[in-house]
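Participant: give me the fold of what follows.
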Amino acid sequence: MIPGGLFGWRHRVRAQQRGQGLVEFVLFVPLFLLLLFTMLDFGFALYANLTLEYASREGARVGAALAAGNSTTLPCAYDSLKPAPVDDHVIAAVQRVLLSAGITVPINNNGDSTKTGVNWIRIYKATNDVNGGGYNLAGNYNEWTYAATGGHSVDGTPLKFVGPATPSWDACSRLNGTAPDMIGVAINYTYAWTTPLVNIIKVVTRGTFYTNLTFLDKTVMNLNPTYP
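Facilitator: The predicted structure is shown next:
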């Protein structure tokens, strides 16, 4: 009787342990997957942010090099009979980075700032080069927004962004002499979480958890002097 009773007791203990292990597994796996997908999504967000930093730097570099344009080779203002003007080349430089082969950063959110995409690109007169101030001063920037069609072309490539008909900071007025203006390029971008599990949590909690991320990347450079 004792061996049988002992065997039965051990069997019950083992069954309880298996049941406890199953419960722990069921509780642990969703939390592990949520953590895993969150880390994966953060990786995508970081990748997008680094790409935006590179794109704003390329745009500012081109804008600084072209300064106010050159009347014999590159106009500062739009003219249908001349090559694309300065600001078009700045946006083209940004676009080339965002649409480069291997880059997977969506740029079109159809004007919906709650979805992943570029909200706007601003070419602006920077008030300082420490934190890129001046990008939000009225009358100080030219804002470009996404448009699948309707943009000018640069070197045969249509732009995916359109700018203002009358720029607030006219490229023709930019100074690149002994006290050069500072040109800034700012990109405002929304990143919406992409992995399925994170999106489920976001919907269930109605955005209490996993709210969309907004990036603002800016680069400022002095306008380069014009050489003969």
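Participant: tell me where this protein has helices.
Facilitator: Listed in chain order, the helices of the chain (DSSP state H) span 2-66, 86-98, 196-204.
Participant: which of these is buried the deepest?
Facilitator: helix 86-98 (a mean of 23; mean count of other Cβ atoms under 10 Å). Every residue, glycine included, has its C-beta placed from N, CA and C.
Participant: against which helices or strands is that one packed?
Facilitator: Packing partners of helix 86-98 (3 or more Cβ pairs under 8 Å, 6 or more residues apart in numbering; DSSP states H and E): helix 2-66, strand 117-125, strand 153-154, strand 161-162, strand 182-191.
Participant: let's see 7 Å
Facilitator: Packed against helix 86-98 by the contact rule (3 or more Cβ pairs under 7 Å, 6 or more residues apart in numbering; DSSP states H and E) you find helix 2-66, strand 117-125, strand 153-154, strand 182-191.
Participant: which one of the ones you listed lies nearest to residue 199?
Facilitator: Between residue 199 and those, the tightest spacing by Cβ to Cβ is seen for helix 2-66, at 9.2 Å.
Participant: JSON lines for the helices of the chain, including distance to residue 158?
Facilitator: Listed next are the helices of the chain as JSON lines, based on distance: least, Cβ to Cβ, whole Å:
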{"stretch": "helix 2-66", "distance to residue 158": "17"}
{"stretch": "helix 86-98", "distance to residue 158": "10"}
{"stretch": "helix 196-204", "distance to residue 158": "33"}
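Participant: looking at those helices, which is nearest to residue 131?
Facilitator: Closest approach to residue 131 among these (Cβ to Cβ): helix 2-66, 13.4 Å.
Participant: what's the weakest-modelled helix or strand in the protein?
Facilitator: Across the helices and strands of the chain, mean confidence by mean pLDDT, DSSP states H and E is lowest for helix 196-204: a mean of 73.
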